[in-house]
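Student: Could you work out the structure for the sequence below:
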Amino acid sequence: MAIFGRRKKEEQEDGVKDRDSSEDTLNDERAFYKKPTGLRIFIALVYLIAVIFLILVEIGNINKKAVIKNTYFLKINLANVIPESVPNAVLINTIAQSLGLHDFYQVGLWNYCAGYNGEGITYCSPPTARYWFNPVEIIMSELLFGATISLPTELTDALSLVRTASQWMFACFIVGACLSFLCIFLAPLGFSKKPRWSHKARRIFLRQLPITVLTALALLFTAVGAVVATVMFVIFKNKFSEAADFNIEATLGTQMLAFEWVAVGMTLIGFLMQLGTCCGVCCCTGKRKAERKRQSAIQEKH
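Tutor: Next up is the predicted model:
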């Protein structure tokens, strides 16, 4: 009878252990699905900031309203196109303006704007998809009938490259903004609180993987657009500066460059956070600890 009593007691203890184990598993699964609200809000704000700055990049220079008119990639000043060392330079510059030239031209993603130093912007071209800045065509079209001006050959030789780069830049910024907008709502879904490696974890990992790919694409398109814009307009600026026969001042739009690179930084932060979460589910989610716990439970039963 003692033997049967001992066996019954062991069976009861095993039942208690099994219930404890099942409760632990249930708690693990509940913890797995428990979302850290703080991280979800933070990554949503990160992508919201990225979208806001990308929108500022895309609406920059489309009109002469405050902030927008100061957001441009490049500004060229033709007010003193003839150097002062040339005799009667002031008179010649005045004649050049009377022929139809504006004092300055500035470039945005969709169009260009022109104006005079004393008046500000007086004209903005209609926004055009895949716009590219062609100073030769613009200046020649603004000159009065029969007037001509010889522009630097360094500039005209680079126009074919500028056209291709501008179209890529336009597409990358538009796609990057759309993907970043989607990340505001989808990226927070990829966060879990210390999940255990189990069938549930594998399923969540497969859900997180496409979100990680989405954040990677948002970063890729935004970064490529920013790199192309920065490199292209730096080259443009240098080409104008290399024109020794002309006194053309070219300046980069620091506000536009700051906006685009802030957007790149935000998408980079979002991607790294999502990548860390995805890797955490795959490699750093307590898999070894769970395996040790399972082994110890097997040894106790035997």
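Student: for this structure, which spans come out with low pLDDT?
Tutor: The chain contains residues with pLDDT under 70 at 1-36, 80-100, 142-158, 192-207, 243-247, 278-302.
Student: ok, which stretches of it are strands?
Tutor: Along the chain, the stretches classed as strands by DSSP state E are 74-77, 104-107, 112-116, 120-124, 249-252.
Student: Strand partners (parallel or antiparallel) of the second one?
Tutor: Listed by DSSP bridges, the sheet partners of strand 104-107 and their directions read strand 74-77 (antiparallel), strand 112-116 (antiparallel).
Student: so which of those comes closest to residue 42?
Tutor: strand 74-77 (35.2 Å; Cβ to Cβ). For every residue, glycine as well, the C-beta is placed using N, CA and C.
Student: Dump the strands of the chain to TSV, plus distance to residue 262 and mean neighbour count.
Tutor: What follows is the strands of the chain, written out as TSV (distance: least, Cβ to Cβ, whole Å; neighbours: other Cβ atoms under 10 Å):
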stretch	distance to residue 262	mean neighbour count
strand 74-77	19	21
strand 104-107	20	23
strand 112-116	23	20
strand 120-124	25	15
strand 249-252	16	16
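Student: now these in a markdown table, with distance to residue 187?
Tutor: Shown next, in a markdown table, are these (distance: least, Cβ to Cβ, whole Å):
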| stretch | distance to residue 187 |
| --- | --- |
| strand 74-77 | 33 |
| strand 104-107 | 33 |
| strand 112-116 | 36 |
| strand 120-124 | 36 |
| strand 249-252 | 32 |
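Student: Of those strands, give the one that comes closest to residue 264.
Tutor: Closest approach to residue 264 among the strands of the chain is made by strand 249-252 (16.5 Å; Cβ to Cβ).
Student: elements contacting the closest one?
Tutor: Packing partners of strand 249-252 (3 or more Cβ pairs under 8 Å, 6 or more residues apart in numbering; DSSP states H and E): strand 74-77, helix 199-241.
Student: buried set for stretch 263-275?
Tutor: Under the neighbour-count criterion of 16 or more other Cβ atoms under 10 Å, stretch 263-275 has 263, 264, 265, 266, 267, 268, 269, 270, 271, 273, 274 buried.
Student: do stretch 171-187 as well
Tutor: For stretch 171-187, a neighbour-count test (16+ other Cβ under 10 Å) marks 171-177, 179-184, 186-187 as buried.
Student: tell me which of those is nearest to residue 123?
Tutor: Nearest member of the buried residues of stretch 171-187 to residue 123, counting by Cβ to Cβ, is residue 173, at 24.0 Å.
Student: ok, back up a step: return the most buried member of the helices and strands packed on strand 249-252.
Tutor: Burial of the helices and strands packed on strand 249-252 is given as mean neighbour count (mean count of other Cβ atoms under 10 Å); strand 74-77 ranks first at a mean of 21.
Student: Pull the CA coordinates from it and hand them back as PDB.
Tutor: Backbone C-alpha positions of strand 74-77 (Å, rounded to 0.1, in the frame of the first residue of the first chain) are rendered in PDB as follows:
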ATOM      1  CA  LEU A  74      20.400  75.500 -55.800                       C
ATOM      2  CA  LYS A  75      20.300  79.200 -56.400                       C
ATOM      3  CA  ILE A  76      22.200  81.000 -59.100                       C
ATOM      4  CA  ASN A  77      22.700  84.700 -59.100                       C
END
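Student: What are the contacting residues of it?
Tutor: Identification of contacts with strand 74-77 by Cβ atoms under 8 Å, 6 or more residues apart in numbering yields 103-107, 117, 133, 135, 233, 236-237, 240, 248-253.
Student: same check, this time on stretch 255-274
Tutor: 39, 42-43, 46-47, 49-50, 53-54, 56-57, 60-61, 70-73, 108, 173, 176, 180, 183, 187, 190, 208, 211-212, 215-216, 218-219, 222-223, 225-226, 229-230.
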